[in-house]
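[1] With the input below, show me the fold.
(one chain, ligands or ions: 2)
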Amino acid sequence: MVDALSRRRIATYTRMADGTQEDYLIQQELSQPLHAALANRVLTELIGLQQSSPANLISRYEHSLQTATRALRDDADEETVVAALLHDIGDLMAPSNHSAIAAEILRPYVTPSTYWVVEHHGIFQGYYFWHYLGRDRNAREKFRGHPDFERTVDFCHKWDQESFDPSYDTLPLSVFEPMVRSVFAREPWGEHTKKR
Ligand SMILES: [Fe+2]
Ligand SMILES: [Fe+2]
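    Ligands and ions are numbered 1, 2, ... in the order given. Okay, the predicted model is just below:
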């Protein structure tokens, strides 16, 4: 099987239903470098947030660094700091539902609790401004009683809604980059995803 894989090096089916086990093993093997480079692509997308938030005092990129800086200074654990850094990463591609983008990118690499916080941070952030735009600022109340409700309130109150300040002593990306690489080096859907 290994010899066959190394000779052919490409899956040759033209419709998936005709693919063989050999095809799919090759595909799995050759996609490994793409998985290994995920942290690089995530960091590139994060830097791209410099183009986001034209109406704020700082860009969404600086907001992300500031949110992560506050989490780090509050002694949050590594995956929570990374979640704080990446929570807005879908902002340019999905401005109306960016929470879901960030949450799904993180999901195989973090605990279900951290996934839930990132997935719901958008609706929890609504508490601070939706009433000014004709929406219900208390929409998050439907989740009250969920085990991660208070954690998400804190994430937003202490770090996310707080981080639009150009005078804050925000740490540079180089501080957080090793943490991003560490989290994305975890086995996707490993034991960490089975914890509460
Ligand atoms: Fe957000
Ligand atoms: Fe944010």
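
[2] switch to C-alpha atoms for all contacts and neighbour counts from now on
    OK.

[3] so which strand or helix has Thr67?
    Using DSSP states H and E, Thr67 maps to helix 60-73.

[4] after that helix comes which helix or strand?
    helix 78-86.

[5] That following helix to helix 60-73, inter-axis angle?
    160 degrees (axes from the mean of the first three to the mean of the last three C-alpha atoms, to 10 degrees).

[6] Which positions within the helix or strand that helix 78-86 is followed by qualify as buried?
    Using DSSP H and E, the helix or strand that follows helix 78-86 in sequence is helix 98-106. Buried residues in helix 98-106, counting neighbours by 16 or more other C-alpha atoms under 10 Å, are found at 98-103, 105-106.

[7] so which of the residues you listed would you say is closest to Ile123?
    Checking the buried residues of helix 98-106 against Ile123 by C-alpha to C-alpha gives Ser99 as the nearest, at 8.7 Å.

[8] residue contacts, the closest one?
    Going by C-alpha atoms under 8 Å, 6 or more residues apart in numbering, Ser99 touches 87-88, 90, 118-122.

[9] separation between it and Tyr115?
    10 Å (C-alpha to C-alpha, to the nearest Å).

[10] which SSE is the residue nearest to Glu177 when sequence neighbours are not counted in?
    Ranked by C-alpha to C-alpha, 6 or more residues apart in numbering and with sequence neighbours excluded, the top spatial neighbour of Glu177 is Leu43, at 7.8 Å. Assigned by DSSP H and E, Leu43 belongs to helix 38-48.

[11] do the same with Ser113
    Assigned by DSSP H and E, Ser113 belongs to helix 112-125.

[12] Alright, calling it a day.
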